[in-house]
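Asker: pasting the sequence and the predicted coordinates here, then a few questions.
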Amino acid sequence: MIDQTFRVKNIDCASCAAKIEHGLKNAEGIEEAVMDFVNLTLRVKAIDLDRVIDKVRSINPEVELTPKTRYTEEDADGVVSRNSIAVLILSIILFLTQLFSEEWIYAQPFENLEILIVLVAYVLAGWNILLNAVKTILRLDFFDENVLMVIATVGAILIHAYSEAIGVMIFFRIGELLQQVAVSRSRRSIRGLLNARPDKALVQRPDGYLEFHPEDVLVGEIILVKPGDKIPLDGRILSGNSQIDTSALTGEFIPVSKNPGDPVMAGQINQTGALTITVTRPFCESSIARILDLVENAAAKKAKTEKFITTFARYYTPMVVIIAACIAFLPPLFIEGASSETW
């Protein structure tokens, strides 16, 4: 089995990530698949990685996978654009106009104005939902949240519940924007933590200090940390005195004085004086490495409740649609005097 982590691009909803994860877990030749929507990573254990890529493309052709290395540059996270906010505000204005002037419009000779206002507000609030719904239907997946939103709102429009149709679409869009803001902040916080990861270590050799990656440094070796550099590995100070910034690990921004014999941890920043340090732990066992591992692999350690909700939603959504369709179409067939318009 090959254990590989991919960087994921062109995915913008948590449900889409869950769908890809579920599809991979059920695919032949894939032992494990964990999609992390916040970090935009996919970790798989599979016999053939090409099969993984092909399966993801079959689920969502727009998603791109690129192998992630320990030195991969992070992509800029998406933030809510001003255009999105402006379009949403315009749709809200049109929604309120239609809501509070409905009776006045009916009394005017240009009653079709209401339909125009409704359609414009509806498209402005939910154009991306409509687009995603069309893409989902073309993939023959009829129980996506976007498809359900379109079914509900189009149904409301057909029974002339215009305010409800626009209102639902607007509130759904607001929820998406709030989720985007929350995820964006989480990604920035995680990126700040990842930036604390040291990427080089000056190791003492007979001909001077040479630069190595922290993962290649052995326990017992002596390293040099210059002022302004990150401490690359956990160790104990041999010589030198300095002020140490521990905020990356502890959140405390007041520097701590360190002297010969004091322990230091990887990810801390040496501020004032040069230090020579004896390495006491390999990088994989250092404090910063453990924290990074917890953050990057948090998605793989789902609680039982989260797993239950994910499984429950997979069956709950289609059942609700089927029950709603039965309530709408079956009573006129079996109840005397019942009309399809009423139901």
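Answerer: Arrived safely, thanks for sending.

Asker: for the protein, longest helix please?
Answerer: helix 162-194 (DSSP state H).

Asker: got the buried residues for that helix?
Answerer: Going by neighbour count (16 or more other C-beta atoms under 10 Å), the buried part of helix 162-194 is 162-163, 165-170, 172-173, 176, 180, 183-184, 187, 190, 193. To be clear about C-beta, it is placed using only N, CA and C from the backbone, and glycine gets the same treatment.

Asker: so what are the sheet partners of the helix or strand that comes right after that helix and their directions?
Answerer: Per DSSP states H and E, the first helix or strand lying C-terminal to helix 162-194 is strand 201-205. Paired strands of strand 201-205, with direction, are strand 208-212 (antiparallel), strand 222-225 (antiparallel) (DSSP bridges).

Asker: would you map out the domains in this structure?
Answerer: Domain segmentation of the chain under automatic domain parsing yields 2-67, 82-193, 201-281.

Asker: so can I have a markdown table of the ones you listed showing mean pLDDT and distance to residue 308?
Answerer: Formatted as a markdown table, these follow (pLDDT from 0 to 100; distance: least, C-beta to C-beta, whole Å):
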| stretch | mean pLDDT | distance to residue 308 |
| --- | --- | --- |
| domain 2-67 | 84 | 13 |
| domain 82-193 | 84 | 19 |
| domain 201-281 | 91 | 34 |
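
Asker: returning to what we had before: now do the longest helix of the chain: distance to the chain's middle.
Answerer: Centroid separation between helix 162-194 and its chain, computed with C-alpha atoms, centre = their mean, to the nearest Å, is 11 Å.

Asker: mind starting the numbering at 492 from now?
Answerer: Noted, 492 is the first residue going forward, which turns the last one into helix 653-685.

Asker: which strands or helices does that helix pack on?
Answerer: Where contact means 3 or more C-beta pairs under 8 Å, 6 or more residues apart in numbering; DSSP states H and E, helix 653-685 is packed against helix 573-591, helix 603-629, helix 636-649, helix 778-787.

Asker: in TSV: those helices, plus mean neighbour count.
Answerer: Putting the helices and strands packed on helix 653-685 into TSV (neighbours: other C-beta atoms under 10 Å) gives the following:
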stretch	mean neighbour count
helix 573-591	15
helix 603-629	17
helix 636-649	17
helix 778-787	16
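
Asker: thanks a lot, see you next time.
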